[in-house]
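Visitor: I would like to see how this sequence folds:
(2 chains)
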Protein chains: 2
Amino acid sequence: MVSVAIMGHGVVGSGVAEILLTHKQKLFSSLGEEIYIKKVLDLREFPDSPIADRFTKDFEEIINDLEIRVVVEVMGGLNPAYTFVKRCLKAGKSVVTSNKELVAAHGAELLALAKEENVNFMFEASVGGGIPIIRPMNQCLVANNVREVAGILNGTTNFILTKMIEDGMQFEDALKLAQDLGFAERNPEADIEGHDACRKICILASLAYGKHVYPQSVHTEGITNITLEDVNFAEAFGYVIKLIGRVRKLDGGKIDIITAPMLVPFKSQLSNIDNEFNGIMVRGDCVGDVVFYGKGAGKLPTASAVVADIVDCCKHLKARRFLFWADGDGSNIIDYRDSVSAMYIRVSGDDAEVKAEKIFGEINTVADNGQLAIITSDMSYGEFESKCAALEGEGVKVLSAIRIGDI
Amino acid sequence: MVSVAIMGHGVVGSGVAEILLTHKQKLFSSLGEEIYIKKVLDLREFPDSPIADRFTKDFEEIINDLEIRVVVEVMGGLNPAYTFVKRCLKAGKSVVTSNKELVAAHGAELLALAKEENVNFMFEASVGGGIPIIRPMNQCLVANNVREVAGILNGTTNFILTKMIEDGMQFEDALKLAQDLGFAERNPEADIEGHDACRKICILASLAYGKHVYPQSVHTEGITNITLEDVNFAEAFGYVIKLIGRVRKLDGGKIDIITAPMLVPFKSQLSNIDNEFNGIMVRGDCVGDVVFYGKGAGKLPTASAVVADIVDCCKHLKARRFLFWADGDGSNIIDYRDSVSAMYIRVSGDDAEVKAEKIFGEINTVADNGQLAIITSDMSYGEFESKCAALEGEGVKVLSAIRIGDI
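Guide: As a prediction, the model looks like this:
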């Protein structure tokens, strides 16, 4: 029997407890021993829970219990999660978390601490909810130099964009629907401004390239400026608009990482990942493209990934699983203005096509309703900004600009 | 340093050697020690290989070399692969294979032998080539009762069907193109008759439900009877035709397993997995649907999965990874005539629609060019066969019949 504690009894935490209780036999047959929930930490009371007697409001009861070998952190937020997780690792307990904010902010430090204490720190659920991605990247693709990782990493924004694309809803209406359905929070900023997706691509980039990438090093754009005009022009060119977290390794060894809406070609496997689903493409030098798809959030999908980590920790109480990256200072990341891609812009003004061709060179265009949509050839974002300024100098107004995702 | 031997230097075997040599540093940084190819078994000579001096034609040199801890079987075929693998396991060496024929025919026996000898037997590359699937199912989805697994498991037939669907090619022409491009063998029977896909769904079913499923217990249909008429009618109904290996657990505890062409709805994630790509959907009771996509064959993609297994074996020389299923006698599998699905049929004859409605009840139909395509409601395959016989008794000729895949 392995005793575990769960810190947090919210959506994910209650799902973890539920799976551990309802799938006891299945888990026993895989692990060869029972996983026993000895303590649940929450400030609230849950008198109707079948394990109501094991709730505590006092973290010290967990940290001081020598029988508890694995602690599950599903409280969310940076504090007190960060302090608690550090203390658990230092006390020789393995830690499993679904907390992407924590891993993106302190992953390198916590991995180093786990290594020092010869315990495990696992976070499969922090990216892509129930979709297996951390373990496949770390184990199954170990023979590959990862060229690129690109993903739809936030279900809320993907739901909103899908409603705009499929049902012609305005952004605000789609956001409200997402809130009504429980896919978006009352304060949706972390989702719609891209911060959540950014944390996840930071975790994947750290894993793929071995150095911690902090969210503040990553240029991040949300989807609040996307309009139905953009959605329709994109379709006319053969693309859908998706919020993408992407990192790729450049020839010189540096990485190019960004979170931003992109025009994704219909033929891409990411183009038809719709609604609240997530999808992640990993491009390896041997395996080519592999794509992982599934529910990126939700009680049981996320808990499914947490429980897989718990089982792995229980199997490796005395051995460390090799999951590690070093700290990073951002020096391996190029400036986003040096990142090269083709661009989509939507403009209005007299003779816009002629003027744009003069400035951008070869372009593809679609005109509708007094506006012109343009797709340029590849250029750095810095060059693109200068050219947009030049275009505006000629009296053409740039109404929106979105990267073309070659994914 | 861990010494390994590779049995077979064909497409996959030479890819494995190539990755171990070219990705030495990457693998060292993951494993913490070097993987050294001590022997390569092949009857042919490869004087230009950088490891030409390590080739042998004599299996005894491998089995008797106590330094060799991991043996890679990439010869293909049942013999002598089966004998060699058994002897390696008995000699206390872990074995990695990409050989689906071997795993489908002898998996339970070889897993039991590995357990007895406290070594590992791994076969990630046997299903889906480079796509991570065995390890994700076994580890990442351990918290789930698997409801269903359905996949496009054979790249050759998927390439042929894609050419029929997208380019309107006839089956024979598409097969010839696949052969010319190297996607199909000169003798394509194992692919086009469904045997290869059947072996792979047998492996996934054995893994998901813990009892070996032998290919001869599985009703298997190939794609040789699919016509362009079927392709076009399917499209009119909102489906594409794919060769699907599928297993699902029924309420009574038995499993329903089949390999057959199916009409897959456009909205399914499997519907746009095209050309030589594979895709596998796993439906778990907690995680919902997850889909894995990538190249299901080819030198480096397959070798990528083999090398991941080699690394895992090298990490666990003294510990067994939990990968196991018991032998099976087919008693947990329902007769394919008891399997329930909606059906597509294409018929010709006077008053076909009226007669079909009388026999099948509620149906959807599309008529074209003197033929009628029908989609029925759900029924067992046995009932369907009786009703088809009744329809033919009324003078309506049934030209083709394909299952509807609710996946």
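Visitor: Average pLDDT for stretch A:194-203, rounded please.
Guide: Over the span of stretch A:194-203, the pLDDT mean works out to 98.
Visitor: wait, I meant stretch A:381-393
Guide: Within the predicted structure, the mean pLDDT of stretch A:381-393 is 98.
Visitor: Chain B versus A:Gly252, what's the distance?
Guide: The spacing between A:Gly252 and chain B, counted by Cβ to the nearest Cβ, to the nearest Å, is 18 Å. Using the backbone N, CA and C atoms, a C-beta is placed for each residue, glycine as well.
Visitor: no, scratch that, I was asking about A:Ala367
Guide: The value you get for A:Ala367 to chain B, if Cβ to the nearest Cβ is used, is 30 Å.
Visitor: for the stretch 151-300 of chain A, what spans make up the strands?
Guide: A:219-220, A:239-249, A:255-265, A:277-284, A:288-295 (DSSP state E, counting those that start in this stretch).
Visitor: which residues touch the first one?
Guide: So the one you mean is strand A:219-220. In this structure, residues lying in contact with strand A:219-220 by Cβ atoms under 8 Å, 6 or more residues apart in numbering or on different chains are A:193-195, A:197-198, A:257-260, A:336.
Visitor: What is the nearest of those residues to A:Arg54?
Guide: When those are compared for distance to A:Arg54, the smallest value, 34.6 Å, is given by A:His195; criterion: Cβ to Cβ.
Visitor: Name the nearest residue to that closest one, sequence neighbours excluded.
Guide: A:Thr220 (6.5 Å; Cβ to Cβ, 6 or more residues apart in numbering or on different chains).
Visitor: In the beta-sheet assignment, what are the partners of that neighbour?
Guide: Residues in a beta bridge with A:Thr220, per DSSP bridges, are A:Thr259.
Visitor: Tell me how many other residues crowd it.
Guide: A:Thr220 sits with 20 neighbouring residues when counted by other Cβ atoms under 10 Å in any protein chain shown.
Visitor: Could you check the pLDDT of it?
Guide: According to the prediction, A:Thr220 has pLDDT 98.
Visitor: Could you look up the SS state of A:Phe46?
Guide: Secondary structure for A:Phe46, judged by DSSP: H, G, I helix; E, B strand; the rest coil, is coil.
Visitor: That one against A:Ile6, yeah?
Guide: No: applying Cβ atoms under 8 Å, one finds A:Phe46 not in contact with A:Ile6, separated by 11.7 Å.
Visitor: Which residues outside the helix or strand harbouring A:Phe84 are in contact with it?
Guide: Element membership for A:Phe84, per DSSP states H and E: helix A:81-90. Outside helix A:81-90, the residues within contact range by Cβ under 8 Å, 6+ apart are A:7, A:59, A:62-63, A:71, A:73, A:75, A:95, A:97, A:99, A:102, A:105-106, A:110, A:113-114, A:117, A:119, A:121.
Visitor: if you look at those, which of them are in helices?
Guide: Where the contacts of helix A:81-90 overlap with helices, as defined by DSSP state H, the overlap consists of A:59, A:62-63, A:102, A:105-106, A:110, A:113-114, A:117.
Visitor: From those residues, pick the one nearest chain B.
Guide: Using Cβ to the nearest Cβ, the shortest approach to chain B within the ones in helices among the contacts of helix A:81-90 belongs to A:Ala114, at 16.1 Å.
Visitor: hang on, the earlier thing: show me which of A:Phe46 and A:Ile6 is the more surrounded one.
Guide: Looking at A:Phe46 and A:Ile6 with other Cβ under 10 Å, you find the greater number of neighbours at A:Ile6, namely 30 against 14.
Visitor: so what's that one up against?
Guide: Contact criterion Cβ under 8 Å, 6+ apart gives A:13, A:16-17, A:37, A:39-41, A:71-72, A:74 as the residues in contact with A:Ile6.
Visitor: Mind doing that once more with 10 Å?
Guide: Taking Cβ atoms under 10 Å, 6 or more residues apart in numbering or on different chains as the criterion, A:Ile6 is in contact with A:12-14, A:16-17, A:20, A:37-42, A:51, A:54-55, A:62, A:70-75, A:96, A:306, A:310.
Visitor: now A:Thr376
Guide: A:341-345, A:356, A:359-364, A:383-384, A:387, A:401, A:404.
Visitor: Buried ones among those residues?
Guide: Members of those that pass the buried threshold by neighbour count (16 or more other Cβ atoms under 10 Å in any protein chain shown) are listed as A:341-345, A:356, A:359-360, A:363, A:383-384, A:387, A:401, A:404.
Visitor: From these, which land in strands?
Guide: Judged by DSSP state E, the buried ones among the contacts of A:Thr376 include A:341, A:343-345, A:401, A:404 as members of strands.
Visitor: Chain B: which of those residues is nearest?
Guide: Checking these one by one against chain B (Cβ to the nearest Cβ), the nearest turns out to be A:Ile404, at 20.5 Å.
Visitor: Per-residue pLDDT of the residue nearest to that closest one when sequence neighbours are not counted, please?
Guide: For A:Ile404, ignoring the flanking residues on the chain, the nearest one in space by Cβ to Cβ, 6+ apart is A:Ala342 at 4.0 Å. Looking at A:Ala342, its pLDDT reads 98.
Visitor: For A:Lys38, give its distance to chain B.
Guide: In terms of Cβ to the nearest Cβ, A:Lys38 sits 19 Å off from chain B.
Visitor: hang on, the earlier thing: top of the contacts of strand A:219-220 by neighbour count?
Guide: Most crowded among the contacts of strand A:219-220, counting by other Cβ under 10 Å, is A:Ala197 at 32 neighbours.
Visitor: Chain B versus that one, what's the distance?
Guide: 19 Å.
Visitor: From what I see, that residue and A:Gly128 are in contact.
Guide: No: under the criterion of Cβ atoms under 10 Å, A:Ala197 makes no contact with A:Gly128, lying 11.1 Å away.
Visitor: Show me the common contact partners of these two, please.
Guide: Taking Cβ under 10 Å, 6+ apart as the contact rule, A:Ala197 and A:Gly128 both touch A:100, A:151-153, A:155, A:278, A:296.
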